[in-house]
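[1] Return atomic coordinates for the entry below.
(one chain, ligands or ions: 1)
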Amino acid sequence: MAHCVEDSSRYTYEEYKQTADWLLSKTEHRPAVAIVCGSGLGALGELLKDQMAFNYSDIPNFPHSTVPGHAGRLIFGNLNGKPCVCMQGRFHSYEGYPLWKVTFPIRVFRLIGVETLIVTNAAGGLNQDYKVGDIMVIMDHINMPGFAGQNPLIGPNEERFGPRFPPMSDAYDKDLRKLALAIGQELGFSEKIREGVYCSLGGPNFETIAECRFLSSLGTDAVGMSTVPEVIVARHCGLRVLGMSLITNKAVMDYNSEATANHEEVLQAGKDSAKYLEKLVTLLIQRIELNNNVF
Ligand SMILES: O=P(O)(O)O[C@H]1O[C@H](CO)[C@@H](O)[C@H]1O
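    Numbers count the residues shown, from 1 in each chain. This is a model prediction of the structure:
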């Protein structure tokens with residue numbers, strides 16, 4: 001029943017197109033790479049040169065950001081000579097948005113000519129070797145809400161974006177992962193740079209100790225409340241994806257621990273370590289090879 005309600009209020013292809021055409025009419029930038037900034041990581045957007053920015057509230061059909069650390073601005077510009085668009089703020093299902101709304105910008109990016117998506121997030125480290133400030137290149141994900149039937153692709157399939165049954169075993173591009181890890185080494189971050197599995201939960205509460213232990217036993221290295229729906233929609237419409245998690249806190253795994261996770265700590269860790277992610281993304285964008293795809 002819930003699905004029927006969602007279906008009737010999903011975006012139509014024409015609405016994605018309307019937003020894409022609106023953006024293309026307002027800016028001469030033609031981005032090939034889109035970057036989604038995670039909690040506290042909005043400073044990435046400030047790296048763009050020759051900026052043109054839009055508040056989400058001014059863009060037709062765009063949802064609004066409601067979470068501290070997510071400014072709610074779409075910035076067009078050049079990073080190391082490559083045309084980019086950057087979301088300073090993403091949407092989460094715990095804000096009350098259905099997943100098709102959470103992922104709206106991704107299909108718009110496809111329609112404006114983006115071919116590569118770089119998603120970043122703040123995440124809790126479950127892997128006991130991880131430290132706060134580490135950067136985890138996402139190798140794979142676990143879509144926990146998907147196990148309960150929550151997926152942004154639920155509803156009639158829009159063939160103009162992609163197939164009914166998209167594969168997800170190659171969600172995170174191997175070459176981009178390799179490049180990110182190599183650049184991490186080159187920048188002297190060998191202690192900080194990791195590769196692992198990200199699991200998204202619905203949030204907004206942080207995990208219980210039992211949940212953290214459970215996720216860890218499943219092979220999860222980092223946990224968060226975002227990213228996976230964006231990646232699913234991006235892969236469905238043929239975007240190449242690189243994902244990176246900044247480990248902003250260590251997940252609490254021990255019943256004797258006094259520690260508790262909180263969003264302030266997440267934002268502070270973002271501030272403290274954003275410079276590493278910025279350096280990595282800047283160099284990566286310079287090295288990315290583009291195909292000049294036109295959708
Ligand atoms: O995933 P991003 O948007 O980086 O944000 C992460 O940080 C917030 C919790 O502090 C949650 O929204 C979690 O998903």
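[2] Let me know the secondary structure of residue 253.
    Look at residue 253: counting by DSSP: H, G, I helix; E, B strand; the rest coil, its state is coil.
[3] residues touching it, list them.
    Contacts for residue 253 (Cβ atoms under 8 Å, 6 or more residues apart in numbering) come out as 126, 128, 209, 212-213, 216. C-beta here means a position set from N, CA and C on the backbone, and glycine is covered the same way.
[4] again, but for residue 194
    Residues counted as contacts of residue 194 (Cβ under 8 Å, 6+ apart) are 127, 129-130, 134-137, 221.
[5] Filter those residues down to the buried ones.
    For the contacts of residue 194, a burial check counting by 16 or more other Cβ atoms under 10 Å picks out 127, 130, 134-137, 221.
[6] one step back: show me which pair in the contacts of residue 194 is furthest apart.
    129 and 137 (14.7 Å; Cβ to Cβ).
[7] Pick the one among the buried ones among the contacts of residue 194 closest to residue 243.
    Among the buried ones among the contacts of residue 194, residue 137 lies closest to residue 243 (Cβ to Cβ), at 7.4 Å.
[8] is it true that that closest one lies in a strand?
    Yes. Applying three-state DSSP, one finds residue 137 inside a strand.
[9] isn't it right up against residue 244?
    Yes. Under the criterion of Cβ atoms under 8 Å, residue 137 makes contact with residue 244 at 5.7 Å.
[10] Point out the ones among the contacts of residue 253 that are inside helices.
    Of the positions in the contacts of residue 253, 209, 212-213, 216 sit in helices, assigned by DSSP state H.
[11] Would you format the contacts of residue 253 as JSON lines with pLDDT included?
    Listed next are the contacts of residue 253 as JSON lines, based on pLDDT from 0 to 100:
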{"residue": "126", "pLDDT": "98"}
{"residue": "128", "pLDDT": "96"}
{"residue": "209", "pLDDT": "98"}
{"residue": "212", "pLDDT": "98"}
{"residue": "213", "pLDDT": "98"}
{"residue": "216", "pLDDT": "98"}
